[in-house]
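K.L.:
Return a 3D structure for these sequence lines:
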Amino acid sequence: MLHRVEGIVLRSMDYGEGNAIVTLCTENTGKVGVLVRGAKKVKSRHAALVQPFTQGLYVFFRNNSGLGTLNSGEIIDSHHAIREDLVKAAYGAYACELLDRVLHDEETGSFWFRQLSACLNALEQGKEPGVIINVFEMKILQAAGYGPQLDACVVCGEEKPDEELRISPRLGGVLCRACRHNDPPAMEVSLRTLKLLRLFAALDLTRLGNVDVKESTREELKKVMRAFMDTQLGLHLKSQSFLDQLDKYGI
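P.N.:
The predicted structure follows:
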């Protein structure tokens with residue numbers, strides 16, 4: 001059967017003599033794998049279609065489920081500006097690997113497709129990459145059923161003054177003063193960080209504007225979101241390790 005889908009390349013791997021297999025996050029058919037014959041050969045007309053972050057129209061043959069074989073394709077947005085920038089590429093690779101690990105094959109992908117497309121567009125436009133990724137991570141947590149409870153205590157359910165709240169990645173939300181004994185290592189956060197986390201929870205990435213966040217708040221956001229991702233999803237991503245190296249060397 002012939003399929004025509006709009007998709008974004010999550011990853012690409014060499015296969016055999018000059019071929020490549022791409023994993024696509026598609027708008028309507030979830031995550032699919034497509035064999036692109038000759039993609040790695042010199043002057044291949046399909047070479048650009050297998051590059052990371054590429055968004056395009058992919059027409060492929062596939063019988064039932066399993067791997068498809070590309071018939072033709074057309075680039076919508078190559079996102080070459082991301083690939084040419086080390087930091088942007090690192091964050092883009094993290095977003096793609098994270099989604100690849102979370103999204104199951106054939107899982108309906110419209111929401112995921114829109115969020116990833118918005119994430120890559122924001123990176124290419126030069127918006128703060130750490131903030132973009134934090135919003136993307138929040139959407140991942142929410143869609144996976146692990147979205148944090150940030151408006152009321154996760155234990156007693158009471159709404160308390162923000163000054164009394166701490167954040168517990170283990171319990172999945174904020175803790176009031178009376179319930180802190182349920183998780184003594186719960187994290188203290190500034191009011192600015194707490195308000196931004198609530199904004200991220202309510203915000204769709206497709207509506208993200210320019211968010212001005214000072215460096216100390218960015219660091220706090222990164223620490224909190226990393227704790228939630230590690231505790232709730234427990235993924236070990238190569239791209240995250242590379243981001244850690246960039247942080248280590250101040251890049």
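
K.L.:
List of residues touching the one helix or strand residue 123 maps to?
P.N.:
Using DSSP states H and E, residue 123 sits in helix 110-124. Helix 110-124 is contacted from outside by 6-8, 25-28, 53, 55, 77, 79, 81-82, 88, 91-92, 95-96, 99, 103, 129, 132-133, 135-136, 139, 143, 204-206, 208, using CB atoms under 8 Å, 6 or more residues apart in numbering. No exception for glycine: its C-beta is placed from N, CA and C like everyone else's.

K.L.:
what angle separates the helix or strand following that helix from helix 110-124?
P.N.:
Reading on from helix 110-124 to the C-terminus, the next helix or strand found by DSSP H and E is helix 129-143. Going by axes from the mean of the first three to the mean of the last three CA atoms, to 10 degrees, helix 129-143 is angled at 170 degrees with respect to helix 110-124.

K.L.:
So for helix 129-143, what gets flagged as buried?
P.N.:
Neighbour counts over helix 129-143 (16 or more other CB atoms under 10 Å) mark 129-141 as buried.

K.L.:
for it, packing partners?
P.N.:
On a contact count with 3 or more CB pairs under 8 Å, 6 or more residues apart in numbering; DSSP states H and E, helix 129-143 meets helix 86-102, helix 110-124, helix 191-202, helix 215-232.

K.L.:
Past it, which element shows up next along the chain?
P.N.:
Using DSSP H and E, the first helix or strand after helix 129-143 is strand 166-168.

K.L.:
Show residues contacting that next one.
P.N.:
If you take CB under 8 Å, 6+ apart as the criterion, strand 166-168 is touched by 148, 154, 173-175, 180, 182-183, 186-189, 194, 197, 224.

K.L.:
which of those has the most neighbours?
P.N.:
Using other CB atoms under 10 Å as the neighbour test, those are led by residue 174, with 28 neighbours.

K.L.:
can I assume it sits in a strand?
P.N.:
Yes. If the criterion is DSSP: H, G, I helix; E, B strand; the rest coil, then residue 174 is within a strand.

K.L.:
Where do the domain boundaries of this structure fall?
P.N.:
2-78, 82-248 (automatic domain parsing).

K.L.:
Put together TSV for these, with mean pLDDT on each row.
P.N.:
TSV is the format used below for the domains of the chain (pLDDT from 0 to 100):
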stretch	mean pLDDT
domain 2-78	92
domain 82-248	93
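
K.L.:
would JSON lines of the helices and strands packed on helix 129-143 with distance to residue 63 be doable?
P.N.:
As requested, these are exported to JSON lines (distance: least, CB to CB, whole Å):
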{"stretch": "helix 86-102", "distance to residue 63": "24"}
{"stretch": "helix 110-124", "distance to residue 63": "24"}
{"stretch": "helix 191-202", "distance to residue 63": "42"}
{"stretch": "helix 215-232", "distance to residue 63": "37"}
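
K.L.:
Ok, which of the ones you listed comes nearest residue 251?
P.N.:
helix 86-102 (6.5 Å; CB to CB).
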